[in-house]
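Colleague: Please find the sequence and the predicted model below.
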Amino acid sequence: MGVEVRTEGVTKSFGSQRIWQDVSLTLPSGEVSALLGPSGTGKSVFLKSLIGLLRPERGSIFIDGVDITTCSNKQLYEIRKLFGVLFQDGALFGSMNLFDNVAFPLREHTKKSESEIRQIVMEKLELTGLIGAEGKLPGEISGGMRKRAGLARALVLDPQIILVDEPDSGLDPVRTSYLSQLLIDINAQIDATILIVTHNINLARSVPDNIGMLFRRQLVMFGPREVLLTSEEPVVKQFLNGRMIGPIGMSEEKDETQMAREQALVDAGHHHGGAEEVEGIIPQMRATPGMPVRQGVLRRQERVREIMHTLPHAAQAAIRESLDQSDDTQVMAYSTADTEKFRAQSYDTTVHQSRTDG
Ligand SMILES: Nc1ncnc2c1ncn2[C@@H]1O[C@H](COP(=O)(O)OP(=O)(O)OP(=O)(O)O)[C@@H](O)[C@H]1O
Ligand SMILES: [Mg+2]
């Protein structure tokens, strides 16, 4: 089972620029969480703080119970081995082909033989649909392929915590869905704790068990997906619907005058930029048939039952509904017959298609 990640009152500044303050949250072990927030709110800085690449000036970050803001360098080195990280830019070594890029953590951190390494690397390249591209340099492949190579590399050490920074950026909507499915399937297979930083609203609505949002130097909320997805908070609603109308502006936060001006424009018939008004909750993606049942989903059910009374009414209602339906949606494995049928008919094509890249 993946390990728990907990932050307590963490605050980060660069010089006089405060990025965020008093961020306290728990990524429950083995669950999938997502962190949303407008560009520049410090999501990537938060990810880097979780692995100790950046040091907050206040607060604690507990990884599996160890506070990495105070532990020794040696301990931090050991803790880092628990992580698989996909950085926003992929962070591949430009002069190494994909095979060597993906093999790098294994050569660096383990004493495995080259034949063992080859087996693991090819397995991860297969998982991310990159078989055939292993000899290519990062500069010779598409942006989407680079992302997936970064993900393959993040997986080679069988991490207990997986951090992915905008896995969908540079991917088309179909590839994004395949990638979402891949993240859910990886979670089902290795029960790792996953944090996805994303701007992608479809992904945020359909993938994570828990969602949080950073805005104006604060963690606006963090909790079970139902809380954010039913929230009436203006900044959350604006973000989920991608509209210009609301507190989020192009650069800094907006003032009242600008908000009134924009509202008047929209009232007069000007487009607010959002493609659709989506309200409420859509079903969560499930692991592909044939995968193990996601243990994180089972544990989460217990957890949300316990904290239910502390949540807003709309979230409680949504959770109750999902618990009622859980027998035939999230938790129950597909029947063996269904699984066999699905495997025979479409799983091969799915894997094959995700491999023929763009
Ligand atoms: N190493 C650094 N030194 C100084 N400032 C930094 C550093 N890294 C990030 N920042 C600043 O911190 C702020 C938050 O940056 P960050 O990259 O975390 O935003 P983000 O939420 O990930 O944005 P995006 O959605 O565009 O990726 C920015 O103002 C950025 O300039
Ligand atoms: Mg970022």
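Modeller: Yep, it's here. Because the structure is predicted, anything quoted here is derived from the model rather than measured. Ligands and ions are numbered 1, 2, ... in the order given.
Colleague: only C-alpha atoms for contact and neighbour calcs from this point on.
Modeller: OK.
Colleague: so which strand or helix has Trp321?
Modeller: Wrong residue type there; residue 321 is Glu, not Trp. Glu321 belongs to helix 313-325 when assigned by DSSP states H and E.
Colleague: Kindly report the same for Gln301.
Modeller: Per DSSP H and E, Gln301 falls inside helix 295-307.
Colleague: Pull out the buried positions in that helix.
Modeller: Neighbour counts over helix 295-307 (16 or more other CA atoms under 10 Å) mark 295-297, 300, 304 as buried.
Colleague: What are the contacting residues of that helix?
Modeller: With CA atoms under 8 Å, 6 or more residues apart in numbering as the test, helix 295-307 has contacts from 29-32, 188, 191, 209, 224, 319, 323, 330-331.
Colleague: cutoff 7 Å now
Modeller: Residues outside helix 295-307 that contact it (CA atoms under 7 Å, 6 or more residues apart in numbering) are 30-31, 188, 191, 331.
Colleague: any idea of the mean pLDDT in that helix?
Modeller: Mean per-residue pLDDT for helix 295-307: 91.
Colleague: Give me the distance between Ile184 and ligand 1.
Modeller: Counting by CA to the nearest ligand atom, to the nearest Å, the gap between Ile184 and ligand 1 amounts to 22 Å.
Colleague: Ok, Met1 next?
Modeller: Met1 is 28 Å from ligand 1, by CA to the nearest ligand atom.
Colleague: ditto for Met221
Modeller: Applying CA to the nearest ligand atom, the value for Met221 to ligand 1 is 15 Å.
Colleague: my read: that residue touches Asn210, true?
Modeller: No: Met221 is beyond contact range of Asn210, at 10.3 Å (criterion: CA atoms under 7 Å).
Colleague: all strands for the stretch 51-200 of the chain, in order.
Modeller: 58-63, 66-67, 83-86, 161-165, 193-197 (DSSP state E, counting those that start in this stretch).
Colleague: For those, could you give me a markdown table that also reports mean neighbour count and mean pLDDT?
Modeller: Formatted as a markdown table, these follow (neighbours: other CA atoms under 10 Å; pLDDT from 0 to 100):
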| stretch | mean neighbour count | mean pLDDT |
| --- | --- | --- |
| strand 58-63 | 20 | 96 |
| strand 66-67 | 17 | 95 |
| strand 83-86 | 25 | 91 |
| strand 161-165 | 27 | 94 |
| strand 193-197 | 27 | 96 |
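Colleague: Adding distance to Ser49, write the ones you listed out as JSON lines.
Modeller: JSON lines is the format used below for the strands of the stretch 51-200 of the chain (distance: least, CA to CA, whole Å):
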{"stretch": "strand 58-63", "distance to Ser49": "8"}
{"stretch": "strand 66-67", "distance to Ser49": "12"}
{"stretch": "strand 83-86", "distance to Ser49": "12"}
{"stretch": "strand 161-165", "distance to Ser49": "11"}
{"stretch": "strand 193-197", "distance to Ser49": "13"}
